[in-house]
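Peer 1: predicted model follows, preceded by the sequence.
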Number of protein chains: 2
Amino acid sequence: MGNEPIAQGSRLKNMPDGHDKIFSQFREHSVAEFFKKNKQMLGFSGKVRSLTTIVHELVTNSLDACEEAGILPEVKVQVKEIEEDHYLVRVEDNGPGIPKTHLGKALGQMLAGTKFHRYIQQRGQQGIGAAGCTMYALLTTGQHPHAISYYKDKKISCEISIDFKTNRAEFINLLEEENKDGKSGLVYQAEFKDVRYEKSNYGVYEYLRRTALANPHAQIVLTEPNNESITFPRAVGENPKRPKEVQPHPLGISAHDLLDLAKAQKENRKISAFLQNALARVSANKVSELRDITPTVNFDKNPGEITWEEAEQIVQAFKKVKWIAPETDSIVPIGKEQIEKSFMNIFSPEVLAVTERSPKVYRGGVPFMVEAAIAYGGGIATAGKKGEIMRFANRVPLPFDAGGCALTESVKSIEWGRYNLKDFEEEPIVVLVNLVSVHVPYTGAGKQAVAQEEDVMDEIKNAVMEAAREVQRYISGKKKAHEIETKRKVISRYIDQLSSDLSDLASMKNKNELKKKLEKIIEEKYTKGGEGEDEKEEVPEHEEERIKEEDEGE
Amino acid sequence: MGNEPIAQGSRLKNMPDGHDKIFSQFREHSVAEFFKKNKQMLGFSGKVRSLTTIVHELVTNSLDACEEAGILPEVKVQVKEIEEDHYLVRVEDNGPGIPKTHLGKALGQMLAGTKFHRYIQQRGQQGIGAAGCTMYALLTTGQHPHAISYYKDKKISCEISIDFKTNRAEFINLLEEENKDGKSGLVYQAEFKDVRYEKSNYGVYEYLRRTALANPHAQIVLTEPNNESITFPRAVGENPKRPKEVQPHPLGISAHDLLDLAKAQKENRKISAFLQNALARVSANKVSELRDITPTVNFDKNPGEITWEEAEQIVQAFKKVKWIAPETDSIVPIGKEQIEKSFMNIFSPEVLAVTERSPKVYRGGVPFMVEAAIAYGGGIATAGKKGEIMRFANRVPLPFDAGGCALTESVKSIEWGRYNLKDFEEEPIVVLVNLVSVHVPYTGAGKQAVAQEEDVMDEIKNAVMEAAREVQRYISGKKKAHEIETKRKVISRYIDQLSSDLSDLASMKNKNELKKKLEKIIEEKYTKGGEGEDEKEEVPEHEEERIKEEDEGE
């Protein structure tokens, strides 16, 4: 290819050779090829992180499957070292299993599954995770992952491969038998290289510990490479309430979404009926309001005939109508009581404050909710934890990519000095944030960091600040008690001298009696104060108001 | 669906209803549907960022196309406001254009293009960008982007749509004419909503300014919404040297890669020949060495018959052989001289230090190189810039997702105090880092942050520290000059008195003569020192060594 520069508008005869050559290089690629080349986008970067990513994807699927089927989850995770940086991972659950027709796609095809298109709170939401694990096993060991699915009356065993060119899963040694034991569930087992087991904050152990913390209804058993088994026991005997699959809220959809919905549906012959059936909170009355706002749109015509302009007009009209907020039963938090139980179990902190806020919406109509907890002192101090932020989304721990994540940034943006926690990074404190939503806006396919949506960040700040105030009250009380105790000690030290001097002055005979009286006075005064009856005053009235205002203003 | 929990191993008759219902929800999705739902992963989040992302993707493609064809790039960008948050964007280049057969795929199909699979330094490397813009136009306005391609003797005009379900591009109103003007190039024009033009660090203007800075061979003209045109003129009259498309280095490939290469090739009948032809730096001698290390592998058999185990053995053997580093002509930096020119043009700083380091490899064998520049004071101070880090990868500005990016983290991890720049964030300083590689390990499909590969980070740190030392020498000299000047002034102030007193004491007649002599002495002494002849001493010998050691150790 020539290197001669050509100015704009130059004649064709000057065109250098090689253009056809460029386009002979034109190729189409599958999403499997894309992620094969960009493994890091799925969380496969670094040995420790890669292993945690594998366990994360598989356990996440297990929990989702169990809960969807109404089964109390029991998940067994085994990590076995074969040689250095080469491990076997086995995850077994008691979920419903997967039928043969879907088994390959669920475990070996990217962007396939039950989750991506549904408007429901779930851990997974992409349909990539398990196929990503299969990919990583193939890329690093050339060994096919092995799966056993106990689904209804069938036991299906197979090995799974991926045709990267077409993003299709392939079965090897498929065996379909009668499900004699009557078990249900899925077993996934594979070998991986370029992974490492490590007991750090980023390793599998800590990941499962946090999973247990946020999922007290699940029983999780981890068998470590040293063959020791650790059980994170079930703390709550029933599954959380099932989040309801909701319809999109009018304030959360675009013109394009509306047209998609209209094209996909067949039941409704009129736009008016379609809107009421396809969207949340749209009643006949609301349709009348919409008709009034957009007189040029004929709400009696077939939804399939909506034009882009009409869809835009309808979406514009949505913004002018007063709507009831999305249904809150689409959002199921861990729950205040459960978080308290889990935290006391795991950390036994000196003080614990948990906030649960009511559901809100972001981007106009996507329901979400924030839970926050702050644990301070006690077991936190003993464990040497300082200024730690534990991030969760839909109960899934997010140990990686803290920088730039909306959860981290929100917590860090708080003026901790206001809560007597100026040196946040040096205090014995753990902050938990759980973001619950029908669609968590992750920044990448690796699902570790949450995009910095303003509504979400404000809500996180408010939730954490609410918990911080509770902790502050405790710390202030403690500080005051400490000051009082110091004063008491100083004064007590002088009692001996004082009682002796006073006795002399007053020519009293019983020095000891006076001493006892003085001691009693001091004890009463400072013990009463020390109990902190007036600790509420520690936050000046105007300060409380200032905080409140900011909460609402933010 | 029942909510009754079921323990593991429970009998099937207790299985709650609804399992079939779950799997009736099973779907397969296209990559276009995936990114439609996760626009933020492509950089479409926030109005200002979305507009910059559009310009970024289109201009990046234009520059790549021009350079590949050996054409000096002239890119015209027009941004026109239609109404609030609704803009028209038009990008026109003088590249080779795109033939009809590839036009739709290039502009409307994700994961299609000439870049993804090639081992060559390019700006784009995913084959998503332009299709992402088309997607965003369709999603926000329902309008089809319009394209005109002047390719050889054809002028092709069309509108482009995307079938999201299948990730296929569709032509509308396709018109193929004779290319009467003999022009070459591509025009892409589309309307977007949910975007905003803003003259911040994150806006289109600053993006193009930085693009011009890193591409002094390109002429870029921006027409802003107020209809004013700004030309970023070409500063260098020829294209940079074309980076060579290289073969993978033995140290940079996995067993899976080796099998893929072996399967894809047909020319070579023996493994020995295949290795020499498919990989860089493999000679007949090296094959002999490999044979000695892996006696169980038959290097004379057909490459198509390599087993996984053999591929692993060969890759293991690669690690035991001494290899020459990858060819450096696969890597083309901006160049020290060009960076100096650009920086002086744009900022006219008081001091400028540019470092260009030699190419290295990461992950064992992927070639890369780091350029760094530090501009201090002068125009930087005037512009009010403080502690700014300008990130580039393959000459492409990366204005977003600074948190967690290897470039930012490396620069921030430097102990700036050592270079008299303790308050880095408050100093009038701009640090430029350009990472050049045949494969930039981006953390996401939005290509804004670089994954924290250790080798890459070390190299960035070293490059920036090298520049920092040069700046430090200047700052130290300046500081010393300032001290000397102060001393001189203080002493000069006493000359009058001194010469008068001395004259009296010595009973000299000509007071003025003495004064002049004294002045001359002072002037000579302090001017000489002030020129900084001995400024090298400012960095104590042992300190220099310490820095050097750390450079090498890191």
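Peer 2: Received, thanks. Worth saying up front: this structure is predicted, and the values here are computed from it rather than measured.

Peer 1: CA atoms of stretch A:183-192 as CSV?
Peer 2: The C-alpha coordinates for stretch A:183-192 follow below in CSV (Å, rounded to 0.1, in the frame of the first residue of the first chain):
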residue,chain,number,x,y,z
LYS,A,183,-33.6,-35.1,42.9
SER,A,184,-33.8,-31.7,41.4
GLY,A,185,-31.0,-29.3,40.6
LEU,A,186,-28.0,-28.6,38.6
VAL,A,187,-24.4,-29.7,38.9
TYR,A,188,-21.7,-27.7,36.9
GLN,A,189,-18.1,-28.8,37.1
ALA,A,190,-15.2,-27.6,35.2
GLU,A,191,-11.4,-27.1,35.2
PHE,A,192,-9.8,-23.7,34.9
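
Peer 1: now residue A:132: closest residue in space, sequence neighbours ignored.
Peer 2: Excluding its sequence neighbours, the residue lying closest to residue A:132 (Cβ to Cβ, 6 or more residues apart in numbering or on different chains) is residue A:42, at 4.5 Å. To be clear about C-beta, it is placed using only N, CA and C from the backbone, and glycine gets the same treatment.

Peer 1: shouldn't the one you found be in contact with residue A:442?
Peer 2: No. Here residue A:42 does not reach residue A:442: they are 11.7 Å apart, not a contact under Cβ atoms under 8 Å.

Peer 1: neighbour-wise, which of these two wins?
Peer 2: In this view residue A:42 and residue A:442 are compared by other Cβ atoms under 10 Å in any protein chain shown, and residue A:42 has more residues nearby, 25 against 22.

Peer 1: so what's that one scoring on pLDDT?
Peer 2: Here the pLDDT value assigned to residue A:42 is 90.

Peer 1: returning to what we had before: residues contacting the residue nearest to residue A:132?
Peer 2: Counting by Cβ atoms under 8 Å, 6 or more residues apart in numbering or on different chains, residue A:42 touches A:35, A:53, A:128, A:132, A:445, A:446.

Peer 1: which of those sit farthest apart?
Peer 2: Largest separation among the contacts of residue A:42 by Cβ to Cβ: A:35 and A:53, giving 12.3 Å.

Peer 1: hey, what's in contact with both of the two?
Peer 2: A:42, A:132.

Peer 1: tell me which of these two has more neighbours.
Peer 2: Between residue A:35 and residue A:53, counted using other Cβ under 10 Å, residue A:53 has the larger neighbour count: 28 against 24.

Peer 1: avg pLDDT for stretch A:486-498?
Peer 2: Stretch A:486-498 comes out at a mean pLDDT of 70.

Peer 1: stretch A:265-285 near chain B at all?
Peer 2: No. On the criterion Cβ under 8 Å from any Cβ of the partner chain, stretch A:265-285 is out of touch with chain B, staying 15.4 Å away.

Peer 1: poorly predicted segments of the stretch 101-250 of chain A, please.
Peer 2: Within the stretch 101-250 of chain A, the set of residues satisfying pLDDT under 70 comprises A:115-117.

Peer 1: bridged to the residue nearest the centre of chain A, which residues?
Peer 2: Geometric centre of chain A, nearest residue: residue A:393, 1.1 Å, by Cα atoms, centre = their mean. Bridge pairing for residue A:393 (DSSP bridges) gives the partners residue A:396, residue A:435.

Peer 1: hmm, residue A:434 and it touching each other?
Peer 2: Yes. Taking Cβ under 8 Å as the definition, residue A:393 is a contact partner of residue A:434 at 7.3 Å.

Peer 1: and residue A:237, how many neighbours?
Peer 2: Applying other Cβ under 10 Å, I find that residue A:237 has 9 neighbouring residues.

Peer 1: roughly how far does it sit from residue A:218?
Peer 2: Noted for residue A:237: a distance of 12 Å to residue A:218, by Cβ to Cβ, to the nearest Å.

Peer 1: what is in contact with the two at once?
Peer 2: Here residue A:237 and residue A:218 have residue A:72 as joint contacts, going by Cβ under 8 Å, 6+ apart.

Peer 1: contacts for the host helix or strand of residue A:138 next, please.
Peer 2: Using DSSP states H and E, residue A:138 sits in helix A:129-141. The contact list for helix A:129-141, computed with Cβ under 8 Å, 6+ apart, reads A:32, A:35-36, A:39, A:42-44, A:50, A:53-54, A:56-58, A:60-61, A:86, A:106-110, A:112, A:143-145, A:160-162, A:164, A:169, A:188, A:190-195, B:254, B:256, B:308.

Peer 1: what does stretch A:159-178 give?
Peer 2: Applying Cβ under 8 Å, 6+ apart, the external contacts of stretch A:159-178 come out as A:30-33, A:36, A:100, A:103-105, A:107-111, A:131, A:134-135, A:138, A:144-147, A:153-158.

Peer 1: mind doing that once more with 6 Å?
Peer 2: For stretch A:159-178, the surrounding residues in contact (Cβ atoms under 6 Å, 6 or more residues apart in numbering or on different chains) are A:30-33, A:36, A:104-105, A:107-110, A:134-135, A:144-146, A:154-158.

Peer 1: go through that stretch and flag the buried ones.
Peer 2: Judged by neighbour count (16 or more other Cβ atoms under 10 Å in any protein chain shown), stretch A:159-178 contains these buried residues: A:159, A:160, A:161, A:162, A:164, A:167, A:168, A:169, A:170, A:171.

Peer 1: again with stretch A:320-336
Peer 2: For stretch A:320-336, by 16+ other Cβ under 10 Å, it's A:321, A:323, A:326, A:330, A:331, A:332, A:333, A:334, A:335.

Peer 1: let's verify the third one: helix, strand, or coil?
Peer 2: Spelled out, it's residue A:326. Three-state assignment for residue A:326 (DSSP: H, G, I helix; E, B strand; the rest coil): coil.

Peer 1: the strands in the stretch 201-350 of chain A, which residues?
Peer 2: With strands called from DSSP state E, counting those that start in this stretch, the stretch 201-350 of chain A shows them at A:219-223, A:229-232.

Peer 1: contacts (any at all) between chain B and the shortest one?
Peer 2: No. Strand A:229-232 lies out of reach of chain B by Cβ under 6 Å from any Cβ of the partner chain, never closer than 13.5 Å.

Peer 1: contacts for that strand?
Peer 2: A:212, A:220, A:221, A:222, A:223.

Peer 1: mind listing what that strand pairs with, with the direction of each?
Peer 2: Pairing partners of strand A:229-232, with direction, according to DSSP bridges: strand A:219-223 (antiparallel).

Peer 1: could you give me the buried positions within the strand it pairs with?
Peer 2: Per 16+ other Cβ under 10 Å, strand A:219-223 contains these buried residues: A:219, A:220, A:221, A:222.

Peer 1: can you redo the residues you listed as JSON lines with distance to residue B:299?
Peer 2: Below are the buried residues of strand A:219-223 laid out as JSON lines (distance: Cβ to Cβ, whole Å):
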{"residue": "A:219", "distance to residue B:299": "53"}
{"residue": "A:220", "distance to residue B:299": "49"}
{"residue": "A:221", "distance to residue B:299": "48"}
{"residue": "A:222", "distance to residue B:299": "44"}
